[in-house]
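>>> quick one: sequence plus predicted model below, questions after.
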Amino acid sequence: MRPDVETDPGSAPLEMGDKGMMLHIANFGSLTQILAHVIAEVRGSVNKDVNGAELLYSLLNAPWLQSQLKVESILHTPTNKLYALLSHPHLQALLSAHDTVSLRDYEPDLPPLPKDLPEDEEAMRIVCLVKNNQPLGATIRRDDVTGEIYIARVIHGGLADRSGLLHAGDRLVEVNGHPVFGVEPEQIIQILVSTHTVYSPIICWSTAWYSVTLQKELWWSQPYHPHTCAILSYKSVFFPHNSGFRRSLRLCRQPRGQAFGTSQFCTLRCPTNCYSSLAKPYEEVVRYQHHPEHPHRLIALLGPSGLGVNELRRRLIEINPKVYQGAVPHTTRPPKCHEESGREYHFISREQFDTMVCNHRFIEFGELRGHLYGTSVDAVKDVLASGKICVIDIEPYALESVRTAELRAHVIFIKPPTVEQMKCTRMNSHIITSDYTSQPFKDEDFQEIEDAGRNMEQHYCQFFDHVIVNDGLQAACVQLLTAVRRAQDEPQWVPAAWIRPTDQS
Ligand SMILES: Nc1ncnc2c1ncn2[C@@H]1O[C@H](COP(=O)(O)OP(=O)(O)OP(=O)(O)O)[C@@H](O)[C@H]1O
């Protein structure tokens, strides 16, 4: 819109612009007013017929000059306002603070590397983590023998994990300039918890630990246990729907929800959500020492089908049947002539079986050739009540049923060696195929076992208390024996709810 130009310079204020931006020239400064006075003076001279006054008057009244003056005023005024604003002490202080902060170097002031570093410099790295308000997402452990501090576990998706800088098994050398050797884990945790930026020389270590995290409020601080308390963090748990009973139970792999031809049974077995507790992002854990007078902890073996989980279980029991025993399964099939109820199986009717399913009495169950089979909680408890160590093998979905305050399962993952190693060690072994025939292992079987093992480890490793690689059978058996003894005799990390039952447990 073209500006309206007031031709009478004496009639200030002049206005220009759109309706939304009416501007009062008189407020814009003295230049316009001075000019108005000059024009008034020249006007007097014109009236007195002074020579040349007419020309000067028309020059000063020219619209272009008026417009130019208005534009100048408009441009000039915001500058003044801005200058006044920026000169304000509060804004000056703010700008000064901004400059100070922006110039500051927030990189940690790292101490010089310790002199006694190993020759291999590449083994040492300095890690810097800025925590903000998040927990670090890692736990530490002290090696009882060497006193060294290690990263025990790294929470999947937590700060440490996302940084990619900390790994389970890394040896901690310093935290924020404090050497950690010989320092109580509680003190190290205090440093980790209280500081914003954590930087540590770390020595890489390749030990495979499983992923657990640290929740700063609870770590090492619970009153009910003198030593330790941590928060387990579960990875995003993936529950395959094609898991079923082990082939060793003569039950083929079946989709779990279809064990009875309907998914209803799955719901019956797990009233709320089959995976509810396993899917929890965190689980508080404590160091637990099994009391000699209490029932033994259940030993639950987990591993890919065909790897030898059942073989190892069988061999362990054979070593000392007075100490180790399996749980007697329930079945709806009729007993064979040599079988005795409660010895090979608990023979029950389908109605009884269904009732047990409805009452969530089974750790696992499935159907084969029209008959139901299941391992019950009570069968496990019977063995434990007899003073023996109960050893069972389970599918991953049964983890929830055995990781309870009642059974306190110690979960041992039987891990496949490489395909090449399996080819060597299984040359004379046979696998029971899905059509229930015993056949020599094929290359595909080994590949399948390896893949299944990797998948299991990836999704459930956080529940493994111990891992045994079943390469040589003899060696694996010895390791199993040792692990089972340790589970009963030595302190172990267990969910805090087992020791201090909560409403949910
Ligand atoms: N380390 C090993 N070396 C050689 N043979 C082995 C080894 N471990 C297991 N086997 C053999 O592999 C075969 C399969 O073992 P097993 O039946 O115990 O597997 P599984 O994991 O229980 O599988 P499934 O659940 O399908 O029965 C058996 O013949 C067993 O003797």
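Cool, the structure landed. Numbers count the residues shown, from 1 in each chain.

>>> from here on, just use CA atoms for contacts and neighbour counts.
Fine.

>>> give me the buried stretch members for the lengthiest helix in the chain, please.
Longest helix of the chain, by residue count under DSSP state H: helix 63-86. Buried residues in helix 63-86, counted by 16 or more other C-alpha atoms under 10 Å: 66-67, 69-70, 73-74.

>>> who does that helix touch, helix- and strand-wise?
Judged by 3 or more C-alpha pairs under 8 Å, 6 or more residues apart in numbering; DSSP states H and E, helix 63-86 is in contact with no other helix or strand.

>>> quick check: next helix or strand after that helix?
Note on helix 63-86: by DSSP states H and E, the next helix or strand toward the C-terminus is helix 89-103.

>>> low-confidence stretches in the stretch 101-250 of the chain?
105-125, 130-134, 194-250 (pLDDT under 70).

>>> if you could redo that for the chain, that was the one I meant.
Using pLDDT under 70, the flagged stretches of the chain are 1-30, 75-76, 78, 105-125, 130-134, 194-282, 434-436, 501-505.

>>> around the ligand, pick out the residues from it.
The chain comes close to the ligand at residues 246-248, 304-311, 425-426, 429-431, 470-473, as judged by C-alpha under 6 Å from any ligand atom.

>>> again, only using 5 Å
Neighbours of the ligand within the chain, by C-alpha under 5 Å from any ligand atom: 246-248, 305-311, 425-426, 429-431, 470-473.

>>> so which of those residues belong to strands?
With DSSP state E as the criterion, strands contain 430-431 from among the residues of the chain next to the ligand.

>>> now, the residues of the chain next to the ligand that are in helices?
Within these, residues falling in helices by DSSP H are 309-311, 425, 473.

>>> now, which of the residues you listed sits nearest Ala487?
Here the nearest of these to Ala487, counting by C-alpha to C-alpha, is Val309; it sits at 18.0 Å.

>>> okay, now the domains of this structure?
The record's domain parsing of the chain by the TED database lists 124-216, 326-386.

>>> which one of the ones you listed lies nearest to Gln439?
Among these, domain 326-386 sits nearest to Gln439 (C-alpha to C-alpha), with 20.2 Å.

>>> for the closest one, how far is the first residue from the last?
Using C-alpha to C-alpha, to the nearest Å, the end-to-end distance of domain 326-386 comes to 12 Å.

>>> and stretch 81-91, by the same measure?
Using C-alpha to C-alpha, first and last residues of stretch 81-91 are 14 Å apart.

>>> now the helices: where do they sit in the stretch 51-200 of the chain?
Using DSSP state H, counting those that start in this stretch, the helices of the stretch 51-200 of the chain run over 53-60, 63-86, 89-103, 159-163, 185-194.

>>> from the contact counts, what lies against the first one?
Under the contact definition 3+ C-alpha pairs under 8 Å, 6+ apart, helix 53-60 sits against helix 30-47.

>>> same question, the last one
If you count contacts as 3+ C-alpha pairs under 8 Å, 6+ apart, helix 185-194 packs onto strand 138-142, strand 174-175.

>>> in stretch 488-505, what's buried?
Quick answer for stretch 488-505 (16+ other C-alpha under 10 Å): 488, 492-499.

>>> of those, closest to Leu91?
For the buried residues of stretch 488-505, the residue nearest Leu91 by C-alpha to C-alpha is Ala496; the value is 54.0 Å.

>>> wait, the closest one sits on Glu284?
Yes - the criterion here is C-alpha atoms under 8 Å, and Ala496 meets it with Glu284 at 5.4 Å.

>>> give me the buried subset of the ones in helices among the residues of the chain next to the ligand.
Among those, the ones that count as buried by 16+ other C-alpha under 10 Å are 309-310, 473.
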